[in-house]
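>>> have a look at this fold, sequence not included:
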């Protein structure tokens with residue numbers, strides 16, 4: 001526990017940036033109109049695809065005894081994949097709303 005607190009104390013600026021970016025992201029996303037949802041979701045899917053590839057590279061380059069890199073890489077692959085699949089599902093639903101009804 002002290003190692004985590006020491007890390008946070010040494011990198012407090014990074015913690016502030018992450019917290020502020022979370023709040024900024026929530027504000028930006030909450031103000032996006034539904035018409036722009038599909039193009040933004042396509043961009044997010046592309047970004048998460050890059051995250052998945054980066055996580056696979058990190059896991060491949062990590063040493064066998066570096067459990068932190070392996071676990072974080074695995075979680076990044078799983079969460080990035082969930083985001084991509086969820087983004088495609090939501091985009092498909094949004095596009096179905098704009099199709100003509102028979």
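Looks like it arrived, so ask away. Just so it is clear, the model here is predicted, and its values are computed rather than measured.

>>> which residues are contacting the lowest-mean-pLDDT helix or strand in the chain?
The helix or strand of the chain with the poorest confidence is helix 37-61; it has a mean of 81 (mean pLDDT, DSSP states H and E). The list of residues contacting helix 37-61 from outside it, by CB atoms under 8 Å, 6 or more residues apart in numbering, reads 32, 69-70, 72-74, 76-77, 80-81, 83-84, 87-88, 90-91, 94-95. Placement of C-beta: from N, CA and C, glycine included.

>>> list the helices and strands the helix ranked longest in the chain packs on?
For the chain, the helix reaching the highest residue count under DSSP state H is reported as helix 67-97. With contacts defined as 3 or more CB pairs under 8 Å, 6 or more residues apart in numbering; DSSP states H and E, helix 67-97 has these neighbours: helix 37-61.

>>> list the buried residues of the least confident helix or strand of the chain.
41, 44, 45, 48, 51, 52, 55, 58, 59 (16 or more other CB atoms under 10 Å).

>>> before we move on, back to that, please indicate which of the contacts of helix 37-61 are buried?
Judged by 16+ other CB under 10 Å, buried ones among the contacts of helix 37-61: 73, 76, 77, 80, 83, 84, 87, 91.
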